[in-house]
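1. Sequence and predicted structure are below.
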Amino acid sequence: MTATTAAMNPAHRLLWLMQLASPALPVGGFSYSEGMEAAVEHGLVTDETSAQLWLIDQLHLVQARSEFPVVAQAMKAWRTHNNAALQQLNDWVIQTRETFEMRLQTEQMGRSLLIWLRNHQAADEADMLFCESLPPTWPLVFALALNTHAVDAHEGLLTCAFAWAENMVQAAIKSVPLGQLSGQRMLSALSAEIPLAVAQALSVPDNQQQSFNPRLAILSARHETQYSRLFRS
């Protein structure tokens, strides 16, 4: 089945979204904690309650203001093949990664997802070649993946948000550490917050996304030289 055929098949589109949201997607998301491990090291996260609050804050203060709006804008730009807008969004993502490990994550996961898309022959070849030339960041390639199956922005951001939440819950389970039942309670709490975060992201005007979280940037910088660690961020 081609991507064009799949785009007209609601069941296949739903399964495509589930595949993109799965932690089994081979992009290396499991290897990043996005500051969670450093927060544990410095005593900011110590148990299930503090881990849940940390992730809910990160969802609303970071993802809903930065990553998710970029995904939504990139989806629109991919649909119209607006390479200038895509270049601008990609540059913004790179320029707002405040530490080496933050930039490593978005570039490594972006490249890995692009390889996965090429293996599936899902995206237009010209789009993939343009992506490779950037170099691609995670939000831009995720938006391209969503567009291959005619996903709308709301569906796309829900998928992106749940993928992020599941990876972050797994990071909390490993770094605090916590049990699987704690992880499921945290994932349910995040799922209840995701619709609000997505609505917030969709309300952000083009080129008005923002990236400002000094505590996270400081923790990320400290994590780069942390003596013992499980994660790359």
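-> Arrived safely, thanks for sending. Numbers count the residues shown, from 1 in each chain.

2. Would you map the helices across the chain?
-> 3-7, 10-21, 36-41, 48-58, 68-79, 83-95, 100-120, 125-132, 138-147, 153-175, 180-202, 214-223 (DSSP state H).

3. so of the ones you listed, which one's packed in deepest?
-> helix 138-147 (a mean of 26; mean count of other Cβ atoms under 10 Å). In short, each C-beta sits where N, CA and C put it, glycine included.

4. could you give the mean pLDDT of that helix?
-> On average, the pLDDT along helix 138-147 is 96.

5. And the contacts of that helix?
-> Helix 138-147 is touched from outside by 17, 20, 27, 67, 70-72, 74-75, 77-79, 86, 89-90, 93, 105-107, 109-110, 113-114, 117, 122-123, 127-128, 131, 134, 155-156, 159-160, with contacts defined as Cβ atoms under 8 Å, 6 or more residues apart in numbering.

6. hmm, try it at 7 Å
-> 20, 67, 70-71, 74-75, 78-79, 86, 89-90, 93, 106, 109-110, 113-114, 117, 123, 127, 131, 156, 159-160 (Cβ atoms under 7 Å, 6 or more residues apart in numbering).

7. Next: stretch 59-79.
-> 85-86, 89, 93, 127, 139-140, 142-144, 146-147, 153, 156-157, 160-161, 164, 190, 193, 197-198, 200-202, 204, 206, 209-211, 213, 216.

8. picking up where we left off before, of all the helices of the chain, which one comes closest to residue 229?
-> helix 36-41 (5.8 Å; Cβ to Cβ).
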